[in-house]
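Chemist: give me a 3D structure for the following:
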Amino acid sequence: MAVSVGVAFGVHDAVAKMKLEGADPSLLSFSTLLAGLPLLAIVLPFAGGLRLTLASAGLFIVAGIVNFSVGRTLMYAATSRLSSSGASVMTSSSAAFSILMSLILGERVTPSIVLGVVAIMAGVYLASDWGTERFSLSGLGLGLATGFAIASSVAIIKLGDLYGGSPGLGVIIAYLSGLVALSPRASLGLLRRSGKPVAIMGLAAALGQLLRYVALTSLEVDVVTPLQNLRPIVTTALLYGATREAGKHPMIRHWVAACVAFLGILLVSGTIAL
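Modeler: Have a look, this model is predicted:
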């Protein structure tokens, strides 16, 4: 299930780069959240029940603001500044931040997980186009900030589960809090102009969020967060097959970055053990 999170987010990232690279980040965040709500409403009864406590509700609200109104908006801003699948790989930095979150939550971090995170961060370096004319310092900063927001929200959702909330209901609350925190101005116009790609992105992201939060009920934070970093591999493959446009079509270093990140994923998941 945790691997499926990365696949869903990879589809989302590829469509964002190909179809909506120049859209306003906050408007795109609002529109994709709105487009994903129907899927969440349909699957909610099958996603862990309707358990909720006051403490978990507060945590889910905070997670929504951190992940959606902040993290997703930063990710869309990074997409327009980085080439090809660079923004998707940048979000892999959440793996490094997840180590800190796991330590705070008192979870065990193994040597394999640490080495896997190092490999994922090496992929981040390669995907940033460091040392080339395509390198964007602002894109790198936005990507790293996105990774921190993702790791933080995953840890907060995990706490919400520990405090008695169900993940399915939690993601609905998080979505709604993200929508409230974002400005709705002109978002319906964006939906009308780019309805199909927005719908695909919204549904893919909603599925990824739901799978991630459900996975948190059986896996630790330092496993779930890095495993979603399969998304750069999926994004790179989709962009390679779908476009030849400069700045969007993956170059060799982007493929290397994806492979290095995948090695990190194998280490983090325990498929390769030290």
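Chemist: just the strands in the stretch 101-250 of the chain please.
Modeler: Using DSSP state E, counting those that start in this stretch, the stretch 101-250 of the chain contains no strands.
Chemist: any low-confidence regions in it?
Modeler: Confidence mapping of the stretch 101-250 of the chain against pLDDT under 70 gives the ranges 131, 184-188, 213, 216-218, 220-229.
Chemist: how about the helices in it?
Modeler: Counting by DSSP state H, counting those that start in this stretch, the stretch 101-250 of the chain has helices at residues 111-127, 137-162, 167-181, 187-193, 195-215, 221-227, 231-242.
Chemist: can I get those in a markdown table with distance to residue 27?
Modeler: From N, CA and C alone the C-beta is placed, and that goes for glycine too. Listed next are the helices of the stretch 101-250 of the chain as a markdown table, based on distance: least, C-beta to C-beta, whole Å:
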| stretch | distance to residue 27 |
| --- | --- |
| helix 111-127 | 26 |
| helix 137-162 | 17 |
| helix 167-181 | 12 |
| helix 187-193 | 5 |
| helix 195-215 | 10 |
| helix 221-227 | 27 |
| helix 231-242 | 22 |
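Chemist: residue contacts, residue 119?
Modeler: 260, 261, 263, 264, 267 (C-beta atoms under 8 Å, 6 or more residues apart in numbering).
Chemist: related to what we said a few turns ago, out of the helices of the stretch 101-250 of the chain, which one sits most buried?
Modeler: The highest mean neighbour count among these, using mean count of other C-beta atoms under 10 Å, belongs to helix 221-227: a mean of 26.
Chemist: still on that earlier bit, and the helices of the stretch 101-250 of the chain: which comes nearest residue 12?
Modeler: Nearest to residue 12 among the helices of the stretch 101-250 of the chain is helix 195-215 (4.1 Å), distances taken as C-beta to C-beta.
Chemist: by how many degrees do the closest one and helix 231-242 diverge?
Modeler: Helix 195-215 and helix 231-242 are oriented at 150 degrees to each other (axes from the mean of the first three to the mean of the last three C-alpha atoms, to 10 degrees).
Chemist: and helix 195-215, how far out from the chain's middle?
Modeler: Put simply, helix 195-215 sits 10 Å off its chain's centre (C-alpha atoms, centre = their mean, to the nearest Å).
Chemist: now swap in stretch 232-248 and tell me
Modeler: Averaged C-alpha coordinates place stretch 232-248 at 18 Å from its chain's average position (C-alpha atoms, centre = their mean).
Chemist: do stretch 77-92 as well
Modeler: Mean-position distance between stretch 77-92 and its chain equals 11 Å (C-alpha atoms, centre = their mean).
Chemist: just stretch 20-29 next, same as before
Modeler: How far stretch 20-29 lies from its chain's middle: 16 Å, per C-alpha atoms, centre = their mean.
Chemist: pLDDT (mean, whole number) over it?
Modeler: Mean pLDDT, stretch 20-29: 86.
Chemist: in that stretch, what's buried?
Modeler: Applying a neighbour-count criterion of 16 or more other C-beta atoms under 10 Å, the buried positions in stretch 20-29 are 20, 21, 23, 24, 25, 26, 27, 28, 29.
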